[in-house]
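J.: Pasting the sequence and the predicted model now:
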Amino acid sequence: MIRFEQVTKRYADGTTAVDGLSFEVAEGELVTLVGPSGCGKTTTMKMVNRLIEPTEGRIFLDGDDISAIDPVQLRRRIGYVIQQVGLFPHKTVLENTATVPHLLGWKRQKGRARAAELLDLVGLDPSVYGDRYPEQLSGGQRQRVGVARALAADPPVLLMDEPFGAVDPVVREHLQNEFLKLQEQVRKTVLFVTHDIEEAVRLGDRIAVYGQGSIEQFDTPATVLGAPANAYVADFVGADRGLKRLSVTPVEESDLDRPPVVHLDDPLSTATERLRAEGARWAVVLDGDEHLHGWIAADDTRTGAKGTVRDHARRMEAWLPLGAPLKQAFATMLQHDAGWIAVIDEAGEGRFLGVLTPARLHEALRRSVGADGRSVPRAEVEVESVAGAAGI
Ligand SMILES: Nc1ncnc2c1ncn2[C@@H]1O[C@H](COP(=O)(O)OP(=O)(O)OP(=O)(O)O)[C@@H](O)[C@H]1O
């Protein structure tokens with residue numbers, strides 16, 4: 001969708017801001033450009049909508065060389081969100097959001113209807129906020145209007161330059177989460193500039209880590225964190241990169257253990273036999289709909305004990321959906337002081353899939369480094385320590 005071919009930008013004073021840059025962003029992909037101040041991120045971005053012209057090289061948008069497209073036409077295909085937002089102070093939120101449709105000559109009614117739809121999408125009720133002026137909004141709300149405005153004409157591409165940079169960390173995290181949900185719906189091709197590695201990792205399908213005017217590594221967050229291409233990238237992503245990787249590695253079905261499973265209405269003897277046959281100390285207990293109820297310990301199923309599993313089962317609240325990040329798994333384990341947590345298939349109506357243990361969590365983290373088999377030093381993520389805390 002966006003392709004850079006050997007792009008160099010030298011400013012008039014001789015500063016080389018970017019040097020021989022080549023990369024490609026696929027349609028619907030969100031790529032974060034991250035790096036220290038002055039490394040060329042903004043220059044890269046502004047060359048896409050021709051606010052800055054490259055000195056050498058070519059940039060393609062959907063196969064078209066952008067140097068041959070009229071800049072005004074080009075910018076209609078590209079939404080642009082910046083840190084200072086740049087809302088018109090004398091226009092209402094609704095009018096601000098409808099700016100581009102208005103410029104495109106849409107009928108007033110249609111433009112306002114679209115603007116209202118977009119405000120709703122970014123979590124601002126148009127009937128509450130639509131008639132306010134920018135100064136009557138919080139910083140976070142203004143940023144949302146900026147995003148809504150950029151999306152109003154439904155451009156296939158979004159350029160975002162530190163869009164959440166000016167708000168406090170709590171609001172920032174909130175906006176990031178909202179933006180991710182929004183992106184799931186709208187699937188724009190996004191270039192997102194940030195100097196914050198946490199933000200880059202959280203939002204990016206892939207990350208471009210900038211050195212001085214060039215990209216040192218361009219890969220998925222899990223790979224950049226798990227297998228930094230060189231010492232510069234390792235240093236930039238931080239010594240706690242192992243922990244950061246917990247946020248970007250999802251729980252997969254192959255990570256799960258399959259302990260014995262019994263049902264609430266099974267006779268206790270069934271549980272006894274199954275536990276003995278599998279040499280297990282506990283079994284997962286499901287209800288009649290295959291939903292998680294809890295667990296039963298081998299000690300509770302002594303041979304000869306009467307009744308059903310229901311009479312001895314213990315409740316277990318620690319569960320998470322398949323695909324949740326390992327960080328959530330780890331947090332849930334700690335919160336429940338649990339030696340395992342159940343993983344369920346949310347898409348499959350809450351069907352129980354298996355359990356994640358601290359050891360398996362650690363393996364999953366190692367797996368996420370990639371197929372090149374580079375191992376993660378064990379000292380980086382000490383998940384084994386919670387195994388002993390398990391109540392089971
Ligand atoms: N108009 C200009 N003339 C000369 N040099 C410039 C100009 N604009 C930017 N530069 C220089 O080009 C380099 C890259 O700047 P750029 O704004 O792309 O960096 P950045 O990575 O976005 O930085 P930041 O995170 O601080 O915004 C810097 O050294 C900067 O000083």
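T.: Received the coordinates, thanks.

J.: Up against the ligand, what does the stretch 151-300 of the chain have?
T.: residue 195 (C-beta under 6 Å from any ligand atom). In this view, the C-beta of every residue, glycine as well, is placed from N, C-alpha and C.

J.: go again using 8 Å as the cut-off
T.: 161-162, 193, 195, 210, 213 (C-beta under 8 Å from any ligand atom).

J.: now the residues you listed as a markdown table including secondary structure and neighbour count?
T.: Below are those laid out as a markdown table (DSSP: H, G, I helix; E, B strand; the rest coil; neighbours: other C-beta atoms under 10 Å):
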| residue | secondary structure | neighbour count |
| --- | --- | --- |
| 161 | strand | 19 |
| 162 | coil | 18 |
| 193 | strand | 26 |
| 195 | coil | 17 |
| 210 | strand | 26 |
| 213 | coil | 21 |
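
J.: Now the two most distant members of those residues.
T.: Farthest pair in those (C-beta to C-beta) is 162 and 213. Separation: 18.6 Å.

J.: roughly how far apart are residue 112 and residue 328?
T.: The gap separating residue 112 from residue 328 is 40 Å, by C-beta to C-beta, to the nearest Å.

J.: okay, those two: which has more neighbours?
T.: Neighbours per residue (other C-beta atoms under 10 Å) separate residue 112 from residue 328, with residue 112 holding more: 19 against 16.

J.: Validate this expectation: the more buried one resides in a helix.
T.: Yes - counting by DSSP: H, G, I helix; E, B strand; the rest coil, residue 112 is found in a helix.

J.: host element of residue 218?
T.: Residue 218 belongs to strand 215-219 when assigned by DSSP states H and E.

J.: do the same with residue 81
T.: Counting by DSSP H and E, residue 81 is part of strand 78-82.

J.: For that strand, list the C-alpha coordinates in CSV.
T.: Output of strand 78-82 as CSV, limited to C-alpha atoms (Å, rounded to 0.1, in the frame of the first residue of the first chain):
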residue,chain,number,x,y,z
ILE,A,78,-4.5,10.4,3.4
GLY,A,79,-5.8,11.2,6.9
TYR,A,80,-3.3,13.1,9.1
VAL,A,81,-3.3,13.3,12.9
ILE,A,82,-0.7,15.4,14.7
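
J.: what's downstream of that strand, the next helix or strand?
T.: Downstream of strand 78-82, the next assigned helix or strand under DSSP H and E is helix 93-97.

J.: How about residues contacting that following helix?
T.: Residues from elsewhere that reach helix 93-97 (C-beta atoms under 8 Å, 6 or more residues apart in numbering): 87-88, 112, 115-116, 118-119, 124, 126, 129-134, 137, 145, 148-149, 152.

J.: Partner strands of the strand holding residue 81, with direction?
T.: Strand 78-82 pairs in its sheet with strand 157-161 (parallel), by DSSP bridges.

J.: from the middle of its chain, how far away would the helix or strand that the partner strand is followed by be?
T.: Where DSSP H and E defines the elements, the next helix or strand beyond strand 157-161 is helix 169-186. Its chain's C-alpha centre and that of helix 169-186 lie 9 Å apart, by C-alpha atoms, centre = their mean, to the nearest Å.

J.: start to end distance for stretch 60-71?
T.: Using C-alpha to C-alpha, to the nearest Å, one end of stretch 60-71 lies 13 Å from the other.

J.: So what's the gap between it and the chain middle?
T.: Relative to its chain's centre, stretch 60-71 lies at 30 Å (C-alpha atoms, centre = their mean).

J.: State the distance from residue 41 to residue 307.
T.: 66 Å.

J.: more crowded one of the two?
T.: residue 41 (25 against 10).

J.: Is that one in contact with residue 32, as I believe?
T.: No - taking C-beta atoms under 8 Å as the definition, residue 41 is not a contact partner of residue 32, at 9.5 Å.

J.: Now list whatever residues contact both of the two.
T.: With C-beta under 8 Å, 6+ apart, residue 41 and residue 32 have common neighbours residue 193.

J.: Can you tell me what sits against the strand holding residue 81?
T.: Contacts to strand 78-82, defined as C-beta under 8 Å, 6+ apart, come from residues 48-49, 61, 143, 146-147, 149-151, 153, 155, 157-163, 188.

J.: Now which of the residues you listed would you call buried?
T.: Buried by 16 or more other C-beta atoms under 10 Å: 48-49, 61, 143, 146-147, 149-151, 153, 155, 157-163, 188, out of the contacts of strand 78-82.

J.: pretty sure residue 142 is touching residue 134, no?
T.: Yes - using C-beta under 8 Å, residue 142 makes contact with residue 134 at a distance of 5.8 Å.

J.: which residue does the stretch 201-350 of the chain bring closest to the ligand?
T.: Residue of the stretch 201-350 of the chain nearest the ligand, by C-beta to the nearest ligand atom: residue 210 (6.6 Å).

J.: Hmm, I typed the wrong one, I wanted the stretch 51-200 of the chain.
T.: For the stretch 51-200 of the chain, C-beta to the nearest ligand atom, closest residue to the ligand: residue 195, 4.9 Å.

J.: Point out where the chain drops to low pLDDT.
T.: Confidence mapping of the chain against pLDDT under 70 gives the ranges 85, 302-305, 368-392.

J.: Since that was my last question, I'll sign off now.
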